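[1] model the structure of this input:
(one chain, ligands or ions: 1)
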Amino acid sequence: MKVKICGIMSEEAALAASEAGADLLGFVFAESKRKVTTEQAAYIIQQVPQHVKSVGVFVNESYENIIHIAETAKLDYIQLHGDEPPEFCKSLPYPVIKAFSIKEQDDLNQLAEYECDFYLLDSPGVKYRGGSGIPFDWSLLEHLDIPREKIILAGGLDHENVKKAMTTVKPAIVDVSSGVETNGVKDVRKIQEFLAAAKIEEREDIGSLHIT
Ligand SMILES: O=C(O)c1ccccc1N[C@@H]1O[C@H](COP(=O)(O)O)[C@@H](O)[C@H]1O
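    Now for the predicted structure:
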């Protein structure tokens, strides 16, 4: 299972996440208590190994600003977490993760209109467009007809519910922000616990190879 740790604001959190096995780190450039400047993100991204991919999170941002920030900070992926239309997603010269708020079955209909690299399924925002720390009803995804390799599951995940989330939804990537924080700040121990829980399938696979 691949893991994205989102809302990275410090070098310490980025290094802890990458050392614990995170595959992607998210940097929020939208209105949020986790918002970083382009310069902060650029500095942190330079400190982490290249195999750990960087994701810029934007909400209804202009094409020009996204490109400028992506080039300056050396982002690998663009996450669009607002009301961006399908044409906008297709127009970006970067791999795109389009986020969708899921509160009822009908919310899934819009996914078919989008061509993107990943579909991120999240709870509706509360104060901001994401990062609420609240899970949504995963059973709504039972009949989702998007390949699971393109699904990122987000919204209120933590080290206690991530295993259930993975077995229920079978996403390609799990994404967490609030669930690895204490008092609004990334918590190294919680990052490590989340990664240990999310990567357990891989360890179980290795274990079963020894047994057989
Ligand atoms: O984290 C934020 O503050 C944020 C603000 C605006 C758009 C997206 C944001 N975060 C995204 O929200 C999801 C879920 O976060 P949580 O685990 O429920 O706290 C995650 O994909 C972040 O990328």
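[2] every contact and neighbour count from this point should use C-alpha atoms.
    Will do.
[3] tell me which parts of this structure are close to the ligand?
    Proximity of the chain to the ligand (C-alpha under 6 Å from any ligand atom) is limited to residues 6-7, 30, 32-34, 81, 128-134, 154-157, 175-179.
[4] now the residues you listed: which count as buried?
    The neighbour count (16 or more other C-alpha atoms under 10 Å) marks 6-7, 30, 34, 81, 129-134, 154-157, 175-179 as buried among the residues of the chain next to the ligand.
[5] under the pLDDT cut-off, which ranges of this structure? List them.
    201-212 (pLDDT under 70).
[6] give me the most central residue, it.
    Asp175 (3.9 Å; C-alpha atoms, centre = their mean).
[7] list the buried ones in the strand or helix carrying Cys89?
    Element membership of Cys89 [criterion: DSSP states H and E] is helix 86-91. Using 16+ other C-alpha under 10 Å as the test for burial, helix 86-91 gives Pro86, Cys89.
[8] put the alpha carbons of that helix into CSV.
    Extracted in CSV, the C-alpha atoms of helix 86-91 (Å, rounded to 0.1, in the frame of the first residue of the first chain):
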residue,chain,number,x,y,z
PRO,A,86,-12.4,18.4,-16.3
GLU,A,87,-10.8,20.6,-19.0
PHE,A,88,-8.6,22.4,-16.4
CYS,A,89,-7.4,19.0,-15.0
LYS,A,90,-6.4,17.9,-18.5
SER,A,91,-4.7,21.1,-19.4
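[9] stretch 74-84: end-to-end distance?
    22 Å (C-alpha to C-alpha, to the nearest Å).
[10] same question, stretch 137-155
    10 Å.
[11] then stretch 34-42?
    Span of stretch 34-42 from end to end, C-alpha to C-alpha: 15 Å.
[12] and the helix holding Cys89, what does it pack onto?
    Applying 3 or more C-alpha pairs under 8 Å, 6 or more residues apart in numbering; DSSP states H and E, one finds that helix 86-91 contacts no other helix or strand.
[13] what lies in contact with it?
    Leu80, Val96, Lys98, Glu113, Tyr114, Glu115, Cys116 (C-alpha atoms under 8 Å, 6 or more residues apart in numbering).
[14] ranges for the strands of this structure?
    Listed in chain order, the strands of the chain (DSSP state E) span 2-5, 24-28, 53-58, 77-80, 96-101, 118-122, 151-153, 173-176, 181-182, 185-186.
[15] what are the pairing partners of the last one, and which direction each?
    Pointing back at strand 185-186 there. strand 181-182 (antiparallel) (DSSP bridges).
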